[in-house]
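1. need a structure here:
(one chain, ligands or ions: 1)
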Amino acid sequence: MSRSAHPAGPRHADVLPEGHYTAPPADLNSLDPRVWAQTVERTPEGAVAVGGLDVRRLAEEFGTPAYVMDETDFRARCRAWRDAFGSDADVYYAGKAFLSRAVVRWLHEEGLNLDVCSGGELATALDAGMPAERIALHGNNKSDEEIERAVEAGVGRIVLDSFQEIARVAHTAARLGRRQPVQIRVTVGVEAHTHEFIATAHEDQKFGLALAGGGSSSEAGEGPAAEAVRRVLMLDSLELTGIHSHIGSQIFDMAGFEVSARRVVGLLTRIRDEHGVELPEIDLGGGLGIAYTPEDDPREPHEIAKALGDIVTRECEAAGLAVPRLSVEPGRAIAGPTAFTLYEVGTLKELEGLRTYVSVDGGMSDNIRTALYDAEYSVSLVSRASAAEPMLSRVVGKHCESGDIVVRDAFLPADLAPGDLLAVPATGAYCRSMASNYNHALRPPVVAVRDGQARTIVRRETEEDLLRLDVG
Ligand SMILES: *Cc1c(COP(=O)(O)O)cnc(C)c1O
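-> So this is what the prediction gives:
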């Protein structure tokens, strides 16, 4: 987010327009390992390769735009999380970040569990063979049908999000003759984003049941969460296994988790005192940040595991509770860094004294995060190396909308031309999963690359796919 003048040399250097950018990198051809997947490298020829495959070849075979996912990196991240948390904890990958059958199989093979939050995600998980007991169902407005399918399949956990849902899940489980393990999602009065967390006494959001009562206290008071616990414990068809808290997204600062864990343990203590039961599980959610640009400095899974483990242990020991089994739900931190979006440059417009608008063959339909959250990304020329001077650029899509921006401010080589390939790294999470058909765009494929082999795991949409839904 820093804004600074860059050294002499770049075009448009006289007037620096408004923007979030730092000085251009010393070498525009360098690939910062913080934002690129593990096997991405620039070859001696100058082009970029992933998993040993030249991106020009990938573009030829699979077309552009395309999401290119480094399977080696995805699996390595799964293992890093799994190993960091060890056998006393469970890692649930948050499927909403990006889900496909192949991804489900990778998760299964690497020993991760899976969070789903809709019937569609549940269907994908079950279809690809994830054992139901390793699936957790989330959502603030699960339909009766979704609940029924989850209970029937035997999912390991349903995370309850409202009073109505307690009754619905209990009823469905009773009807099916099951005792369904459930957690209760609470809101702890903390909201975390990036480098800060905000203590919010008041819970003005749709998820979860508040720990706090109507007053200003955020400690485990007489709030809806305690009432939900009381109700769930009275229902024979529900087995309350733990308390769940998810405080935000793209978090770098552990302080928010600290407050969250303390308050959740406060509720566990209260449950022990009031009901004589010690719940065996605590879930602290996901939201761990990744590097979208080289300025972001995320923590490694082992640091996160140690920090969270220490916090929970300390709070439980202080309360005289046995330490419950911890679970976490990283989505972005696993999928995000594993993919880049490969685009072809179409038109270029140099706005004198401002910047050059570089149009690519995708846009807000394949990456809505820039328009939606003001997200920052980086971008590189990947079909060749260039020794040209840096040019202040804005990478935009082809949609009929001026907010259709992929990368707001970036330096690209001044000799950039139509037909060049650009790649935007760290698009593995919340890009394909949030993609739309705006302007009847055809959603791009996801191509998985591993050890010199590339294969489509989600194919590109076709006009036939679009027209098939249009039955009027
Ligand atoms: C979105 C979400 C996650 C994953 O968030 P990331 O930022 O992708 O890690 C985990 N748990 C819950 C309940 C969520 O809603």
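
2. What are the buried residues along the helix or strand harbouring R75?
-> Using DSSP states H and E, R75 sits within helix 71-85. Applying a neighbour-count criterion of 16 or more other Cβ atoms under 10 Å, one finds 71-78, 80-82, 84-85 buried in helix 71-85. C-beta coordinates here come from the backbone N, C-alpha and C atoms, glycine included.

3. helix or strand for I457, which one?
-> Per DSSP H and E: strand 453-458 holds I457.

4. I figured P280 hits R325, correct?
-> Yes. Under the criterion of Cβ atoms under 8 Å, P280 makes contact with R325 at 5.9 Å.

5. Contact residues of the stretch 251-400 of the chain facing the ligand?
-> 285-288, 329-333 (Cβ under 6 Å from any ligand atom).

6. The stretch 1-150 of the chain too?
-> 94, 96-97, 115, 138.

7. Try it again at 5 Å.
-> 94, 97 (Cβ under 5 Å from any ligand atom).

8. Whatever residue of the stretch 1-150 of the chain ends up closest to the ligand: neighbour count?
-> Distances between the stretch 1-150 of the chain and the ligand by Cβ to the nearest ligand atom are smallest at A94, namely 3.4 Å. Residues lying near A94 (other Cβ atoms under 10 Å) number 28.

9. Quick check: the gap between it and L267.
-> A94 is 23 Å from L267, where distance means Cβ to Cβ, to the nearest Å.

10. G177 now?
-> Note on G177: its distance to L267, by Cβ to Cβ, is 30 Å.

11. now do C117
-> Per Cβ to Cβ, C117 is found 23 Å from L267.

12. Now tabulate the buried residues of helix 71-85 in a markdown table and tack on distance to T356 and pLDDT.
-> Shown next, in a markdown table, are those (distance: Cβ to Cβ, whole Å; pLDDT from 0 to 100):
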| residue | distance to T356 | pLDDT |
| --- | --- | --- |
| E71 | 35 | 98 |
| T72 | 35 | 98 |
| D73 | 31 | 98 |
| F74 | 34 | 98 |
| R75 | 38 | 98 |
| A76 | 36 | 98 |
| R77 | 35 | 98 |
| C78 | 39 | 98 |
| A80 | 39 | 98 |
| W81 | 40 | 98 |
| R82 | 44 | 98 |
| A84 | 43 | 98 |
| F85 | 46 | 97 |
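
13. before we move on, the earlier item: which one of C117 and L267 has more residues nearby?
-> Between C117 and L267, L267 has the larger neighbour count (other Cβ under 10 Å), namely 24 against 18.

14. Quick check, the more buried one in contact with A226.
-> Yes. Between L267 and A226 there is a contact under Cβ under 8 Å: 6.9 Å.

15. Can I take it that A102 is in a helix?
-> Yes. Looking at A102 with DSSP: H, G, I helix; E, B strand; the rest coil, it is inside a helix.

16. Number the residues from 19 up from this point.
-> That works, and once the first residue is 19, the last one we named lands at A120.

17. Now it. Nearest residue, chain neighbours left out?
-> I475 (4.0 Å; Cβ to Cβ, 6 or more residues apart in numbering).

18. Counting neighbours, what do you get for the one you found?
-> Close neighbours of I475, defined as other Cβ under 10 Å, add up to 17.

19. confidence score at the closest residue to the ligand within the stretch 369-490 of the chain?
-> Closest residue of the stretch 369-490 of the chain to the ligand, Cβ to the nearest ligand atom: A447 (5.8 Å). What the model reports as pLDDT for A447 is 98.

20. One more: L285?
-> Value for L285, per-residue pLDDT: 97.

21. Who are the contact partners of it?
-> L285 makes contact with 204, 229, 238, 243-244, 247, 261, according to Cβ atoms under 8 Å, 6 or more residues apart in numbering.

22. do that again at 10 Å, thanks
-> Residues in contact with L285, defined by Cβ atoms under 10 Å, 6 or more residues apart in numbering, are 202, 204, 206, 229, 237-239, 241, 243-244, 247, 261, 263, 297, 300.

23. If you rank these by neighbours, which is first?
-> Busiest of the contacts of L285 [other Cβ under 10 Å] is V206, holding 31 neighbours.

24. I'd say that one and V277 touch.
-> Yes. V206 lies in contact with V277 (Cβ atoms under 10 Å); the separation is 6.8 Å.

25. domain parsing for the chain?
-> 59-88+355-487, 156-348 (automatic domain parsing).

26. next one: the last one to chain centre, how far?
-> Spelled out, that is domain 156-348. 18 Å (Cα atoms, centre = their mean, to the nearest Å).

27. Also compute the angle for the one helix or strand E335 maps to relative to helix 89-103, please.
-> Here E335, judged by DSSP H and E, is contained in helix 319-337. Interaxial angle of helix 319-337 relative to helix 89-103 (axes from the mean of the first three to the mean of the last three Cα atoms, to 10 degrees): 20 degrees.

28. Which neighbouring elements make contact with whichever helix or strand comes after helix 319-337?
-> Per DSSP H and E, the first helix or strand lying C-terminal to helix 319-337 is strand 343-346. Applying 3 or more Cβ pairs under 10 Å, 6 or more residues apart in numbering; DSSP states H and E, we find strand 343-346 packed against helix 89-103, strand 107-112, strand 256-262, strand 299-301, helix 319-337.

29. With respect to E481, which of these lies nearest?
-> Among the helices and strands packed on strand 343-346, the nearest to E481 by Cβ to Cβ is helix 89-103 (29.1 Å).

30. Please give the centre-to-centre distance between the closest one and its chain.
-> 15 Å.

31. And the helices in the stretch 69-218 of the chain, which stretches?
-> Assigned by DSSP state H, counting those that start in this stretch, the stretch 69-218 of the chain shows helices spanning 73-80, 89-103, 119-127, 137-145, 162-171, 181-193.

32. what number of residues lie near L372?
-> Residues near L372, counting by other Cβ under 10 Å: 16.

33. Hmm, it is touching D427, no?
-> No. The pair L372 and D427 does not pass the contact test of Cβ under 10 Å, sitting 11.2 Å apart.

34. residue nearest the centroid of the protein?
-> Taking Cα atoms, centre = their mean, the centroid of the chain lies closest to R350, which sits 2.7 Å from it.

35. what's the pLDDT at that residue?
-> So R350 comes in at 97 (pLDDT).

36. which residues does the nearest residue to it once chain neighbours are set aside contact?
-> With Cβ to Cβ, 6+ apart as the criterion, R350 has its nearest non-adjacent residue at 4.1 Å, and that residue is A447. When contacts are counted by Cβ under 10 Å, 6+ apart, A447 touches 112, 114-116, 267, 308, 348-357, 387.
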